[in-house]
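Could you work out the structure for the sequence below:
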Amino acid sequence: MAVQPEAARQEVSLSRDMGLLDITMIGVGGMIGAGIFVLMPIAAGVAGPALILAFALNGLITLITAASYAELGSAFPGAGGGYLWVREALPGPNGFLAGWMLWFAHATACSLYALGFGVYFGELLLHLTEKMGVTIGLPPELFVQEWLHKILGVAVIAVFTYINFRGASETGKIAVLITLGKIVLLGVFIVSGLYYMFLRPDWQGSFTPFMPRGSGSVVTAMGLTFIAFQGYEIITQCGEEVKSPRRNLPRAVFLAVAIVVPIYCLIVVAALGGINPGAHDLATNWQWLGAEGPVGLVKAARMIMLGGPAIGGLLWIIGGLLSTSSALNATIYSSSRVSFSMARNRELLRAMSHVHPKRRTPHIAIITSAGIVTLMALALPLHDVASAANIMFLILFLQVNVAVITMRRRRPDLKRGFMVPLMPYIPIVGIATQFFLAINMFQFSWIAWAFALGWIGLGVALYYLYLAPQKKKEKERAAPVVFERVPPDFETYQVLVPVANPEHMENLLLTGAALADRLDGDITALNVITVPDILPVEEGIRFLGSAERILEAARDLGQELGVSIRTVARVGHRVHQAIINTIEDDEVDMLVLGWRGWTAESRRVMGTTLDPAIRQAKCDLAVLRAIAPIREIKRIMAGVTGSPENPLVLEAAQAFADFLGAEVTYAHILQPGEPISDVIKQHYIEPEDSSKRLPITIWEAQSPAAELVRRSEQFDLLVLGSARESAVQQLMFGSVTQTVAKQAKCSVLMVKRSPGPVRALAREMFRPLEDGERTEVEVPEDE
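From the prediction side, this is the model:
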């Protein structure tokens, strides 16, 4: 975890002056924007009347992820929203990429709304000229030109950039006024459309066939219009500026969804049902709307809104301008808050975390985000902009659903204003549906996918080429090497043995020596000088003399055993972090740890140091519970299973046999009447290579753990790997292996292969927060 300087923390506090109505209207404003006014006609041309179903299904998916946002938003009410939750919950680059994609998604959505505003403002000029006789002094054909729409979009970006610079209080008040106004206008459109629809005796024909282009078109329309449902994400960006966030954030999220979804469905019904099919030259209303494109609803309003073509069309255009501008306002706000939060966490330029001394707003983040929005509005076509933003939001929401599962497990202690029911099943449904919608968008716009992948690729490169090395340096500063001695003939295969207690050192180094001898490697003996949290790491150097004495004893033992031992001392606040740093820095191949066979903490499996070291180590592991001197070992039992760990079990057992001159018994335990598995036969009993055949002893028992404990009296050492259990059970060594290690009457060596990327991710996702770890998201008390 990055160390945050005190000065950096003092410059980034935001004032809390937004109430429930403010943030609900910001969310509604973020939803009812270009997604409905500009994209709805295009989506109608894709799905036909089934667009009603597409909106309803999107609303259902929205409720699933909105529940995750409500829980996390009430638990972590800070600026940054989904980015900070993913950063807190998921390992490696996930958090940075979530912020990177969210910044892009909001900036892209903002560009879409700006272009939508330009289209509608051009339509306003055209309407005033052609329908109301207003003389503007410009040719009407100019008002439909794309370049003019882009210029108008850039102008409105500048206006709302200034509004956001003025402060969140002004932002919230503007959002309330604009959003309430456009809801009234949308209501007029719906009432007018339904009125004309029911005047037509054949209105049902406008909805028949309901799904003219098949179910696939519904899925495509869902992906295209999903951006119209992301306003609840914007609500959580306000968390640091909201009064009583634990109470107000969940309420605002669900209120915004409850307001918007019925409005969307009714607008589709009113548009498709209210238009007289004889008023245009296409076979169906949905085909006509699709052909008209972004201005389809403007032309529909001229036909059906109260007040006739002149007044009705003007009212709808005003509604479109209010909707696109309010959504633009909300997304400039949210994109600047994401970049501000990333900069505060030192993942973007530090200057973007500065807060204006008078306005108390992140002015540099606002200006930078507005610059990106402007460039994208000028450079990209509208439908590809919308598709790319949809893809990014879907991926982000998928990550948030994973994060809510992880954080419920990691931080059950957090005070939550709302909790997702039926955990984890509801978030899993959200993950599956969002993944499917994102992949399906490739059919509509492969350019959007290429653009999205390019942005993600740029973020991955930035993370691994810049941020990851920076984080590694910070870790090294947290546990620096203060002493090192390397023998001249040191090998490349590395066996790391942390040593602290001279009484146990011999057993651990003998274990490391046996393994290193078998694998043609050498040992690194590590001693960690721990420093209390209240003191700087450098204070540990005062205790270097004690570490040097322990390491000198380790070198003497190495000479006695005939093994090269490199000795290293590190200083740090936590032993496990120093061990992990050494593994990463030296590319260690195997870690040898000692275990006393019990732990004083109920929430720990093996102990405060061992649990995090075992979970986070990306190398082979050997954990020794010694109840007698290792030098005296003569009889070894190696457990034979079909587990992927078993080859390492056999290597370790043979290593002790060769190094100490001991005998090995290879045992396989079966339930009574259970046949020997094909894996055991093919690999150990009847292998193609006869030199790999093992003299396996078969034991029958109802309980493998109880049988191993009973027979442990016959041996000096049991060598065991992970049992064949679920992935979650195997996060350590598996319950069977750990039970035997605790209860056996002889020494036990537990071995485990280095985890692959999937298992490493599972370990990180499901591990509890370790001592000294704390959330990087501020969790304030309600006012």
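
Touching the helix or strand containing Leu458 from outside, list them.
Using DSSP states H and E, Leu458 sits within helix 446-462. Helix 446-462 is contacted from outside by 93, 96-97, 100-101, 104, 380, 384, 386-388, 390-392, 395, 441-442, using CB atoms under 8 Å, 6 or more residues apart in numbering. To be clear about C-beta, it is placed using only N, CA and C from the backbone, and glycine gets the same treatment.

Now that helix: buried residues?
Ala448, Trp449, Phe451, Ala452, Trp455, Ile456, Gly459, Leu462 (16 or more other CB atoms under 10 Å).

Which single one of these is nearest to Arg166?
Arg166 lies nearest to Trp455 out of the buried residues of helix 446-462, by CB to CB, at 30.1 Å.

so where do the helices sit in the stretch 651-783 of the chain?
Per DSSP state H, counting those that start in this stretch, the stretch 651-783 of the chain carries helices over the ranges 678-680, 704-711, 735-743, 757-766.

again but with the stretch 301-450 of the chain, I slipped
308-344, 363-379, 382-410, 425-444, 446-462.

and the first one, how far out from the chain's middle?
The gap between the average C-alpha position of helix 308-344 and the chain average comes to 27 Å, counting by CA atoms, centre = their mean, to the nearest Å.

Ok, the last one next?
Between the centre of helix 446-462 and the centre of its host chain there is 17 Å, according to CA atoms, centre = their mean.

That helix versus helix 425-444: what angle between them?
On the basis of axes from the mean of the first three to the mean of the last three CA atoms, to 10 degrees, helix 446-462 is oriented at 120 degrees to helix 425-444.

what about the closest residue in space to Asp517 that isn't next to it in sequence, distance to Ile332?
Spatially, and ignoring its direct neighbours in sequence, Asp517 is nearest to Phe659 (5.6 Å; CB to CB, 6 or more residues apart in numbering). Here Phe659 is placed at a distance of 68 Å from Ile332 (CB to CB, to the nearest Å).

Same question for Tyr466.
In terms of CB to CB, Tyr466 sits 27 Å off from Ile332.

Tell me which of the two has more neighbours.
Of the pair Tyr466 and Ile332, Ile332 is the one with more neighbours under other CB atoms under 10 Å, namely 26 against 11.

hang on, the more buried one packs against Ala109?
No. With contacts counted by CB atoms under 8 Å, Ile332 stays clear of Ala109, the gap being 10.1 Å.

ok, back up a step: only alpha carbons, please: show the helix holding Leu458 as CSV.
Extracted in CSV, the C-alpha atoms of helix 446-462 (Å, rounded to 0.1, in the frame of the first residue of the first chain):
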residue,chain,number,x,y,z
TRP,A,446,-16.0,-3.4,-33.9
ILE,A,447,-14.3,0.0,-34.2
ALA,A,448,-15.6,0.8,-30.6
TRP,A,449,-14.1,-2.5,-29.3
ALA,A,450,-10.8,-1.7,-31.1
PHE,A,451,-10.8,1.8,-29.5
ALA,A,452,-11.7,0.4,-26.1
LEU,A,453,-9.0,-2.3,-26.2
GLY,A,454,-6.5,0.4,-27.3
TRP,A,455,-7.3,2.5,-24.3
ILE,A,456,-7.1,-0.5,-22.0
GLY,A,457,-3.8,-1.5,-23.6
LEU,A,458,-2.5,2.0,-23.0
GLY,A,459,-3.5,1.7,-19.4
VAL,A,460,-1.9,-1.7,-19.0
ALA,A,461,1.3,-0.3,-20.5
LEU,A,462,1.2,2.7,-18.2
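
between it and helix 382-410, how big is the angle?
When the same axes, to 10 degrees is applied, the directions of helix 446-462 and helix 382-410 differ by 50 degrees.

Could you tell me the angle between helix 446-462 and helix 363-379?
Inter-element angle recorded for helix 446-462 and helix 363-379: 150 degrees (by the same axes, to 10 degrees).

Give me the distance between the closest residue to Leu378 other than its chain neighbours and Ala158.
Once flanking residues are discounted, Leu378 sits nearest to Lys150: 5.6 Å by CB to CB, 6+ apart. According to CB to CB, Lys150 stands 13 Å off from Ala158.

same question, Leu51
Using CB to CB, we find Leu51 at a distance of 34 Å from Ala158.

Now do the contacts for the residue nearest to Leu378.
Going by CB under 8 Å, 6+ apart, Lys150 touches Leu115, Gly118, Ala377, Leu378.

right, and out of these, which lies closest to Gly223?
Distance to Gly223 across those (CB to CB) is lowest for Leu115, with 19.2 Å.

how far away is the closest one from Ala107?
Distance of Leu115 to Ala107, computed by CB to CB: 13 Å.

how deep is Leu224 tucked in, by neighbour count?
Neighbours of Leu224 under the rule other CB under 10 Å: 27.
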